[in-house]
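Undergrad: next input, structure requested:
(one chain, ligands or ions: 1)
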Amino acid sequence: AQAEFQRIQELLPAWLETSRLTTPEGAVATYIPELAKIPADALGIHLMNGQGEFSSAGDCGFPFTMQSVSKVFTLILALMDRGEGEVFAKVGKEPTGDDFDSMLKLELVEPGIPFNPLINAGAITVSSLISGRSPVEQSARILTFFRELANNESLDYDENVFESELDSGHLNRSLGYFLKHNGVLEGSVEEVLHVYFRHCSIRATCADLARMGLVLAYDGTDPITGRNLIPRRFVQIAKTFMTTCGMYNASGEFAISVGLPAKSGVSGGILALVPGRYGIGIIGPALNKKGNSVAGVHLLQRMSREFDWSLF
Ligand code: GLN
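TA: Below you'll find the predicted structure:
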């Protein structure tokens, strides 16, 4: 294991630069205007092991909003708050094969709940299940939980991205009202969307994602502090969703080419983990057609192949 870590440290900077060359194949997301400003060819990675040793390369200090990566951890918090029964009464467990913001299957497929918690409709539903007396309190609980997982008290929101999403989130708003119409959402749709946009706009670096991934890699215990932060069962559920739905409708292809639990976000972040070994955070804002970081996926493929990380 130590030899592998040393090889990673040696090879990572050169591999990262090779992967950076793929960024012209993608483009930054523009439907959230604030995200359109991110430099497309940024690429950074941070990998951390259970002893707290890390290897990083490229633009690893580049801050970005977590976007859909946050959905994994709000799901976990909802499970901790409500338990499996209540959560899975409202969201399903199956991949869709559709785009992450699609409305298609909401209407057509029984029993009329979102297919899974990682598509937007599912994540909006999960936001509504977070305990708290107000959206502000729900959001504060989410931020506190994320800070614990990242072991970073200074984790906070990017207010500009939050405002930008609030202004431009017409499709998410329509998903919310659709869910309300179908009795999936309780309470005010605008308040639920507030909680959802808030957690999508939490700003992090690759190091934060790596540390959060490390907690999942160690079944819910931060191996460095020894603190148990998540019940193992809920980590198991989260990792399963990451494997089946974490890379949107490219999750099957990613399972074949990389074979690790991972979650991507529209700002170009990817959180991946090697069970029992590493947490990995990547930022690469240029996205492919399916919405995943082009260079980030390229880099993970290379590493997984080289070190035989595929779980399959
Ligand atoms: N906040 C984004 C949205 O709701 C999250 C989507 C994503 O990262 N794919 O559109």
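
Undergrad: who are the packing partners of the strand or helix carrying Val215?
TA: In this assignment (DSSP states H and E), Val215 forms part of helix 206-217. Applying 3 or more C-beta pairs under 8 Å, 6 or more residues apart in numbering; DSSP states H and E, we find helix 206-217 packed against strand 44-49, strand 54-58, helix 135-150, helix 232-245, strand 269-274, strand 278-283. The way it works is simple: take the backbone N, C-alpha and C, and place the C-beta from them, glycine included.

Undergrad: for the nearest residue to Ser56 once chain neighbours are set aside, give me its contacts.
TA: Counting by C-beta to C-beta, 6 or more residues apart in numbering, Ser56 lies nearest to His46, which is 4.3 Å off, once chain neighbours are set aside. By C-beta atoms under 8 Å, 6 or more residues apart in numbering, the contact set of His46 is Phe54, Ser55, Ser56, Cys60, Thr205, Cys206, Ala207, Leu209, Ala210, Ile280, Gly281.

Undergrad: any idea what His46 is bridged to?
TA: Here His46 sits in beta bridges with Ser56, Gly281, going by DSSP bridges.

Undergrad: for Asn151, see how far away it is.
TA: Between His46 and Asn151 the distance is 13 Å, computed by C-beta to C-beta, to the nearest Å.

Undergrad: cool, and Phe62?
TA: Counting by C-beta to C-beta, the separation of Phe62 from Asn151 is 19 Å.

Undergrad: how about Gly281?
TA: 13 Å.

Undergrad: what about Pro223, neighbour count?
TA: A count of nearby residues for Pro223, using other C-beta atoms under 10 Å, gives 18.

Undergrad: and the spatially closest residue to Ile45 that is not a sequence neighbour, how many neighbours does it have?
TA: Spatial nearest neighbour of Ile45, chain neighbours left out: Ile282 (4.9 Å); criterion: C-beta to C-beta, 6+ apart. Using other C-beta under 10 Å, Ile282 has 29 other residues around it.

Undergrad: equivalent analysis for Pro33, please.
TA: By the measure other C-beta under 10 Å, the count of residues near Pro33 is 15.

Undergrad: just use 10 as the starting number from now, easier for me
TA: Fine by me, first position is 10 from now on; the one you just mentioned is Pro42.

Undergrad: next up, the contacts around it.
TA: Pro42 neighbours (C-beta under 8 Å, 6+ apart): Ser173, Asp176, Ser177.

Undergrad: can you pick the most crowded of those?
TA: Ser173 leads those on contacts (other C-beta under 10 Å) with 21 neighbours.

Undergrad: gap between that residue and the ligand?
TA: The spacing between Ser173 and the ligand, counted by C-beta to the nearest ligand atom, to the nearest Å, is 10 Å.

Undergrad: also Arg241?
TA: 27 Å.

Undergrad: my guess is that residue contacts Leu225, does it?
TA: No. With contacts counted by C-beta atoms under 8 Å, Arg241 stays clear of Leu225, the gap being 10.4 Å.

Undergrad: so between these two, which is more surrounded?
TA: Using other C-beta under 10 Å, the more surrounded residue of Arg241 and Leu225 is Leu225, with 27 against 12.

Undergrad: quick one: pLDDT of the more buried one?
TA: On pLDDT, Leu225 comes in at 98.

Undergrad: which residue is the nearest non-sequential neighbour of the closest residue to the ligand within the stretch 110-259 of the chain?
TA: Nearest residue of the stretch 110-259 of the chain to the ligand (C-beta to the nearest ligand atom) works out as Cys209 at 3.5 Å. Spatial nearest neighbour of Cys209, chain neighbours left out: Gln76 (5.0 Å); criterion: C-beta to C-beta, 6+ apart.
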